[in-house]
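Participant: Sequence first, predicted model second:
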Amino acid sequence: MNNQKQVDSSHYDWLKYCAKSRWCSFWHQIDEIVSLKPNSVLEVGPGPGILATILKHLGYNYKSLDIADDLKPDYLGNVLDIPLGNNLFDVIVCFQILEHIPYESFRIALSELFRVSKNHVIISLPDASKLYPQILTLPKLGKINFSLPIPIKLKKHVFDGEHHWEINKAETPLKRIKKDILEAGFKICKTYRVFENPYHRFFVLSK
């Protein structure tokens with residue numbers, strides 16, 4: 001099992017990691033978790049610790065898991081072999097993490113997330129397809145948000161030192177991701193892209 005981390009804690013420095021668009025993704029992370037009203041939450045890959053700080057402030061029973069000891073996770077371990085028992089957490093979240101492992105390990109990670117979760121898993125992944133958010137302002141109706149997809153030929157992914165794959169690259173179209181999620185035993189409650197940050201696609205999954 002490969003426990004080699006790709007980045008150290010300095011990767012999550014405020015000025016280079018926490019851009020305004022990423023904050024919009026943090027909002028969706030919190031909104032999706034809170035809407036499920038869980039008694040316990042496990043975050044795989046806590047990153048800068050923002051989600052941990054907010055959920056703990058809101059009174060949630062929050063724990064974290066990571067392979068990087070310098071991030072001081074509650075559990076030191078790999079998403080491909082989570083060192084925890086079955087059905088332990090109401091919700092497990094894994095945001096912008098699974099693309100950092102080779103795609104052939106994706107289904108292993110899904111199986112582990114399924115095993116350890118009681119009810120729901122929420123993940124986000126990078127979606128490489130082109131999508132341009134638009135805002136239309138109309139009298140009496142106010143602002144209407146919508147996005148324009150730009151159809152292009154899917155390109156082959158090239159490992160950049162961090163991402164082994166992304167959604168809607170030639171080898172990993174969205175339909176393949178959905179198929180693997182369903183075959184892992186999950187139901188896809190919903191999937192969507194963050195309007196302010198369309199590179200991030202969310203999946204809310206249930207057992």
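Facilitator: Here it is on my side, so go on.
Participant: measure residue 196 to residue 148 for me?
Facilitator: With the distance defined as CB to CB, to the nearest Å, residue 196 ends up 15 Å from residue 148. Every residue, glycine included, has its C-beta placed from N, CA and C.
Participant: out of the two, which sits in the busier spot?
Facilitator: residue 196 (16 against 9; other CB atoms under 10 Å).
Participant: Leaving out chain neighbours, which residue sits closest to that one?
Facilitator: residue 24 (3.8 Å; CB to CB, 6 or more residues apart in numbering).
Participant: Alpha carbons only: can I get whatever helix or strand the one you found lives in in CSV?
Facilitator: Using DSSP states H and E, residue 24 maps to helix 20-35. What follows is helix 20-35, C-alpha atoms only, in CSV (Å, rounded to 0.1, in the frame of the first residue of the first chain):
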residue,chain,number,x,y,z
LYS,A,20,-12.2,32.9,-3.3
SER,A,21,-13.5,30.2,-5.7
ARG,A,22,-12.4,27.4,-3.3
TRP,A,23,-14.2,29.1,-0.5
CYS,A,24,-17.4,28.6,-2.5
SER,A,25,-16.6,24.9,-2.5
PHE,A,26,-16.1,24.9,1.2
TRP,A,27,-19.6,26.4,1.6
HIS,A,28,-21.0,23.5,-0.4
GLN,A,29,-19.1,21.0,1.7
ILE,A,30,-20.6,22.4,4.9
ASP,A,31,-24.1,22.8,3.4
GLU,A,32,-24.2,19.2,2.2
ILE,A,33,-23.0,17.8,5.5
VAL,A,34,-25.3,19.9,7.7
SER,A,35,-28.3,19.1,5.5
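Participant: quick one: contacts of it?
Facilitator: Outside helix 20-35, the residues within contact range by CB atoms under 8 Å, 6 or more residues apart in numbering are 41, 50-51, 54-55, 58, 60, 91, 93, 95-96, 122, 124, 194-197, 199-200, 202, 204.
Participant: Could you tell me which of these belong to strands?
Facilitator: Residues of these located in strands (DSSP state E): 41, 91, 93, 95, 122, 124, 194, 197, 199-200, 202, 204.
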